[in-house]
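> Kindly generate the corresponding structure for this input.
(one chain, ligands or ions: 1)
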Amino acid sequence: GTHFSECVQQVNFSFDDIGGQAPAKQELKEALDFVLHTNKVRELGIRPLKGILLTGPPGTGKTLLAKAAAAYTHSLFLATSGSEFIEVYAGVGAQRVRQLFRTAKERARRDKKDGAIIFIDEIDVLGSRRGSQTGHLEYDQTLNQLLVEMDGLKQDDQVRILVIGATNREDMLDPALLRPGRFDRIVRVDLPDKEARYHILQIYCRNKPLADDVSLEKIAQESFGFSGAHLESVANEAAILALRDNSPLIHHRHFKEAVDKVMMGEKIDRKPNE
Ligand code: ATP
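Below is the predicted model:
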């Protein structure tokens, strides 16, 4: 098999499984509707959408949004990361990019999908401003190949391909990536606010036995600065603490302790009360 066959993931993941992020979901869905209604888009002579960039801090759900986008558009989902393209030998990165697009087309056709979404996490690693890594010609070739592949995508291709990139270093990106016809949609994904934190906690407590004294609202209030990934850890840690206590139910104190634990483990930027 090709190098990327293991990147193909079965996704059955919807926007409803993502807590908060209402503006990001909305913008992303609007962009995806272009992909779903290619006929109308073509009739109106609108440039087809080839790339969407998700930007925002780590652990805020960018990968989840890309997965939900694949399910929403009945697409094959291929996930990779910018760091997979960085090789010592010249030309290898560029060859991998070619292979990635080829694999996407072949697999989507084989699996009878409407199209494919290629997700590239940490896209800044391969799409940094050219020349910024002094002497690393390799990055340039890899980025160039990505641009060539994206420029080559046509509306009437048998398999429609959409590239979704994610980064938390938007400032580092080569402006060539952001030109029209490439990543011309940018969707910002932020840390969750209090409401969103509550929503995310609810998602991860759905399958957990909570005691009556638990107030997820309070936990949401006390977890400023936490990402979705942190909140998932809080729910999990709370359950582990209950287990350690030999308690069949998870109590409020377990959640409080879990918040402290996650906070100690990470350098979380605590904002003043929202
Ligand atoms: P990175 O930049 O580190 O790749 P990311 O933004 O892609 O981060 P994800 O991989 O999507 O983050 O999220 C990591 C984990 O955090 C998810 O698997 C999920 O458990 C949880 N998570 C993050 N955000 C949310 C959210 N909004 N709703 C539900 N779960 C979330």
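> Roughly how far does residue 157 sit from residue 171?
According to C-beta to C-beta, to the nearest Å, residue 157 and residue 171 sit 33 Å apart. Backbone N, C-alpha and C define where each C-beta goes, glycine included.
> Of these two, which one has the most company?
residue 157 (12 against 9; other C-beta atoms under 10 Å).
> who's in contact with the more buried one?
Contacts for residue 157 (C-beta atoms under 8 Å, 6 or more residues apart in numbering) come out as residue 105.
> Got the confidence number for it?
Among the per-residue scores, residue 157 holds a pLDDT of 79.
> again with the one 3 residues further on
Per-residue confidence at residue 160 stands at 90 (pLDDT).
> Distance check, residue 102 against the ligand.
Distance of residue 102 to the ligand, given as C-beta to the nearest ligand atom, to the nearest Å: 25 Å.
> any idea which helix or strand carries that residue?
helix 92-110 (DSSP states H and E).
> With residue 164 instead?
Assigned by DSSP H and E, residue 164 belongs to strand 160-167.
> The helix or strand just after that strand close to the ligand?
Sequence-wise, the next helix or strand downstream of strand 160-167 (DSSP H and E) is strand 183-188. No - Strand 183-188 is not in contact with the ligand by C-beta under 6 Å from any ligand atom; minimum separation 11.6 Å.
> which helices and strands sit right next to strand 183-188?
The contact analysis (3 or more C-beta pairs under 8 Å, 6 or more residues apart in numbering; DSSP states H and E) places strand 183-188 against helix 22-36, strand 51-55.
> closest to residue 92 out of the ones you listed?
Residue 92 sits nearest to strand 51-55 of all the helices and strands packed on strand 183-188, at 22.9 Å, using C-beta to C-beta.
> Give me the contact list for the closest one.
24, 28, 31, 62, 65-66, 69, 123, 150, 162-168, 170, 173, 177-178, 182-189.
> Would you mind checking those residues for buried ones?
In these, burial by neighbour count holds for 24, 28, 31, 62, 65-66, 69, 123, 150, 162-168, 173, 177-178, 182-187, 189, counting by 16 or more other C-beta atoms under 10 Å.
> Figure out how far the strand holding residue 164 is from the centre of its chain.
Its chain's average C-alpha position is 10 Å from that of strand 160-167, according to C-alpha atoms, centre = their mean, to the nearest Å.
> what do you get for stretch 65-81?
9 Å.
> tell me which residues in that stretch are buried?
Neighbour counts over stretch 65-81 (16+ other C-beta under 10 Å) mark 65-73, 75-81 as buried.
> CA-only coordinates of that stretch in CSV, if you can.
The C-alpha trace of stretch 65-81 is given here as CSV (Å, rounded to 0.1, in the frame of the first residue of the first chain):
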residue,chain,number,x,y,z
LEU,A,65,-14.4,20.0,12.9
ALA,A,66,-12.5,18.5,10.0
LYS,A,67,-14.0,15.1,10.7
ALA,A,68,-17.5,16.5,11.0
ALA,A,69,-16.9,18.2,7.7
ALA,A,70,-16.1,14.9,6.1
ALA,A,71,-19.3,13.3,7.4
TYR,A,72,-21.4,16.3,6.4
THR,A,73,-20.1,16.1,2.8
HIS,A,74,-20.1,12.3,2.6
SER,A,75,-16.4,12.4,2.0
LEU,A,76,-13.5,10.1,2.6
PHE,A,77,-11.4,11.5,5.5
LEU,A,78,-7.6,11.5,5.2
ALA,A,79,-5.7,12.9,8.1
THR,A,80,-2.1,13.8,8.1
SER,A,81,0.2,16.4,9.7
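> ok, the closest residue to the ligand within the chain to residue 23 distance?
The nearest approach of the chain to the ligand comes at residue 228, 2.0 Å away (C-beta to the nearest ligand atom). Relative to residue 23, residue 228 is positioned 15 Å away (C-beta to C-beta).
> where does the stretch 151-274 of the chain have low pLDDT?
267-274 (pLDDT under 70).
> Name the residues of it found near the ligand, please.
166, 168, 200, 203, 228-229, 232.
> Let's see if you can find the most crowded of those.
Within these, residue 200 tops the neighbour count with 28 neighbours, counted by other C-beta under 10 Å.
> I'd say that residue and residue 19 touch.
Yes - applying C-beta atoms under 8 Å as the test, residue 200 and residue 19 come out as touching, 3.2 Å apart.
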